[in-house]
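only geometry, no sequence info:
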C-alpha cells in the first residue's frame, strides 16, 4: 500500500513536468489532484525591451562581484551596452535614480570592443555584435564582468546570461562555468529561475 | 434547603473545603484555558507569519523575473501544512501572481481574492480560518504580497480537547477535594461532636464524673481540657456541698437529741418539784383546819380570819401546782388520734359549766356535726379551757353569748370559740399563751395563767395552730386548727 505522502510526492513530480509544458505554451497551470497551484498568466503590460531592461537591472541585484569590484564604492556602477542599443531609452528609465550598494548607476554605450573599459562590471552585448562575439568573449575572459546578450546560443558559446523569448514570456539561460570563470557569485534564487546550460570552457 | 448557619459543623466544614478548592480550581482552569486560547491564536499567527515570510523571501526573484510557475512551486511547499487552505502571491499592483489550494475537490466557501491591495502587513480572524498577509520586499523595495488562509479547525479540535481535559481535571480534583475535606472534617468536627455529646450527657444525667476525650493539641483540645477541668471543679464542689450537708444534718440530730434530753430533764424536774411541793402544802392546809376546829374558841375572830387566809393561800397554791402538773402531763402524754364528735364534746363540757352556775343568763351555741381526728382526752382539756375562759370573762356581763363553731380557710377547718365578754387588748396578744401570763387582775378574774399555755401545747402536739382576736369589752375569739 502506498502511503498518502508518497503518492502526493509522485503526483507533485508529475505535475512539475506538466506545468513546464503548460508554461511553455503559455497556458494556465494544470490542476493537480491533491492540491492546485495556479500560476497566473502575467501578460507584460510593458514592451519587450522595457522588461529586458528591468531584467538586466535585476541581474545586478542577484549577483555578487569579487571584492575589488565591490570596493569601488565612490565610483558610479557602469552598465555597458556594446553595439546598437535595442532598449531605446528603457534602460536609462529603469536605472534612473537607482543605486547598487550606494553606487549611482550609469548606462554607457560603446560601439567598439576596444572602447569597452574594464570599469563596466556588466555588459549587454547587442545582437549587432554577433559577428565579433568570440573576440569579445575572449577579451572579457577571466574578468569579473557579467555578460548578458540576446544572441542565440550565447550561453553555450561562453557568455554568462542569455535572454530568450518563450511565447510572450522572457526567460533566460545561465552558463555556470562562465559564471565561475568570471569569479562571480550568483544567487540561488536566480539560478532556480534560469535554465542552466553547460557551454564551452 | 436549610440555611447554612443551621447546618452541623460537620457539613459546614465539608462544604467549606469543597467550595474553597472547587472555586480555586475553576479560577485556575479558567485562567489556564484563557491563557492557552490566547496562545493557540498567537501560535497560529506566528506559524502563518513564518510561512509567509519564508515563501515571500523565496518568491522575490520569481516576481522580479516574472516567473509565476516557479512562484507556484514555492507556494507548493505549503502542502506540508495540512491546515493551510489556500495561499497566493500578488504583484505590487495587486494582481494574483501565483496561488495554491490544498484540496480543490473539497468545495470551500473560502477562496483567494483575484486582487489584493492591502498596503501593510496584517491578519484577520474569520469564523473558520485565519487570513494573514505579508508584503514581499526586496532590497527595501515593495514588490508584492503573500496571502495565506489557514484553517482554524485543527486548532479548534485541540482547544476542545484541551477544555475537555481541563473539565476532567476539574472533576477529578473536585472529587479529590471532597475526599480530602471529608477526611479533614472528621479530624476537626469529630472531637467537637464528641464534646457536644458529652455535654449533652452531662446535662441530661447530671453525671459530673464523665470526661470528654482530648484528641488534639489545638483549640478544640484546649476546649476539651477546659471543659474537663470545669467538670472536675463542679464535682469537687458537689462533694464539698454533700459533706457540708451531711455535717449539718449530723449537727441537727445532735442538737435535737441534746434539746430533747434537756427538755425531759426539765419536765422531770418540774413534775417532781410540783409533786413534792403538794405534800407540805397539804400538811399546812390540814393542820390549819385542825387548829381552826380544835382551838376555835381560843383563837378569837382575828386569829380565825388569819388562819382562813392561810388556808385560802395554800389552796390557791395547790391549784397552781395541779395546773402545772396538768401542763407537764399534757406534754408527756402519748397522742392517740381517733374520730371525735366535737359538737357533742362541747355540749357536754358546756352543760357541766352551766350546772355549776345555773343562775347566770348565758346563751350557749354549738354548731352541729363537727367531727375531727384528734386525741379525745386532750381535746376535752382544750375545750374545757377555752369554754371556761369564755364563761369566766363574760361573768361581769348580765347577759352573755358563747359560740363554738367552725369555718373553712383554704379548704381546712378552723375551729373557734367566741364570746362577748371582757375581751383583751391586741397589743398583748402575744402574751396570751405564755404560762403564768395574765392580762387581767386577780381581783377581776380568778385563774392561774396556765390554761391557754396548756391549750397551745395540745394544739401544737396535734400539728395545728392557735391564735386569738379580741377587743377590750367587746369579746374575744380563739381560733385553732388540728
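Everything's here; your move. If you're wondering where the values come from, they're calculated on a predicted model, not measured in any experiment.

give me the number of residues near residue 113?
All of this is about chain A. Residues lying near residue A:113 (other Cβ atoms under 10 Å in any protein chain shown) number 16. Using the backbone N, CA and C atoms, a C-beta is placed for each residue, glycine as well.

wait, chain B
12.

distance of it from residue A:121?
42 Å (Cβ to Cβ, to the nearest Å).

Please, where are all the strands along the stretch 51-200 of chain B?
B:84-91, B:96-101, B:122-125, B:129-138, B:141-151 (DSSP state E, counting those that start in this stretch).

can you tell me which residues contact residue 61?
Here I'm looking at chain A. Residue A:61 makes contact with A:100, B:64, B:138-139, according to Cβ atoms under 8 Å, 6 or more residues apart in numbering or on different chains.

ah, no, chain B please
Residue B:61 neighbours (Cβ under 8 Å, 6+ apart): A:58, A:62, A:187, A:189-190, A:192-193, B:67, B:70.

just residue A:186 next, same as before
So residue A:186 contacts A:62-64, A:174, A:179 (Cβ under 8 Å, 6+ apart).

Now do the same contact list for the residue nearest in space to the middle of chain A.
Residue closest to the average C-alpha location in chain A (Cα atoms, centre = their mean): residue A:161, at 4.7 Å. Residues in contact with residue A:161 (Cβ under 8 Å, 6+ apart) are A:59, A:146-149, A:154-155, A:172-175, A:194.

and residue B:380, how many residues sit next to it?
Neighbours of residue B:380 (other Cβ under 10 Å): 17.

which strands and helices sit next to whichever strand or helix holds it?
Secondary structure from DSSP states H and E places residue B:380 in helix B:376-393. Judged by 3 or more Cβ pairs under 8 Å, 6 or more residues apart in numbering or on different chains; DSSP states H and E, helix B:376-393 is in contact with helix B:296-332, strand B:338-341, helix B:342-356, strand B:399-409, strand B:412-419, helix B:451-461, strand B:475-480.

in the shortest one, what's buried?
Read that as strand B:338-341. Of all the residues in strand B:338-341, those buried under the rule 16 or more other Cβ atoms under 10 Å in any protein chain shown are residue B:340.

Is residue A:47 in contact with residue A:90, as I believe?
Yes - using Cβ atoms under 8 Å, residue A:47 is in contact with residue A:90, at 7.4 Å.

of these two, who's got more company?
residue A:90 (20 against 12).

Let me see the contact set for that one.
Counting by Cβ under 8 Å, 6+ apart, residue A:90 makes contact with A:47, A:49-50, A:52-53.

Look up how far chain B lies from it.
According to Cβ to the nearest Cβ, to the nearest Å, residue A:90 stands 15 Å off from chain B.

what's the closest of the helices and strands packed on helix B:376-393 to residue B:10?
strand B:412-419 (59.6 Å; Cβ to Cβ).

What are the buried residues along the closest one?
B:414-419.

Using a markdown table, please lay out those residues together with pLDDT and distance to chain A.
Below are those laid out as a markdown table (pLDDT from 0 to 100; distance: Cβ to the nearest Cβ, whole Å):
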| residue | pLDDT | distance to chain A |
| --- | --- | --- |
| B:414 | 94 | 125 |
| B:415 | 94 | 130 |
| B:416 | 94 | 132 |
| B:417 | 93 | 136 |
| B:418 | 92 | 136 |
| B:419 | 91 | 141 |
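
Pick the one among these closest to residue A:142.
For the buried residues of strand B:412-419, the nearest to residue A:142 is residue B:414 (163.0 Å; Cβ to Cβ).

Quick check, the closest one in contact with residue B:372.
No - with contacts counted by Cβ under 8 Å, residue B:414 stays clear of residue B:372, the gap being 11.5 Å.

Please report how far the spatially closest residue to residue B:436 that is not a sequence neighbour lies from chain A.
With Cβ to Cβ, 6 or more residues apart in numbering or on different chains as the criterion, residue B:436 has its nearest non-adjacent residue at 4.3 Å, and that residue is residue B:449. According to Cβ to the nearest Cβ, residue B:449 and chain A sit 143 Å apart.

Residue B:449 against residue B:437, yeah?
Yes - between residue B:449 and residue B:437 there is a contact under Cβ under 8 Å: 5.4 Å.
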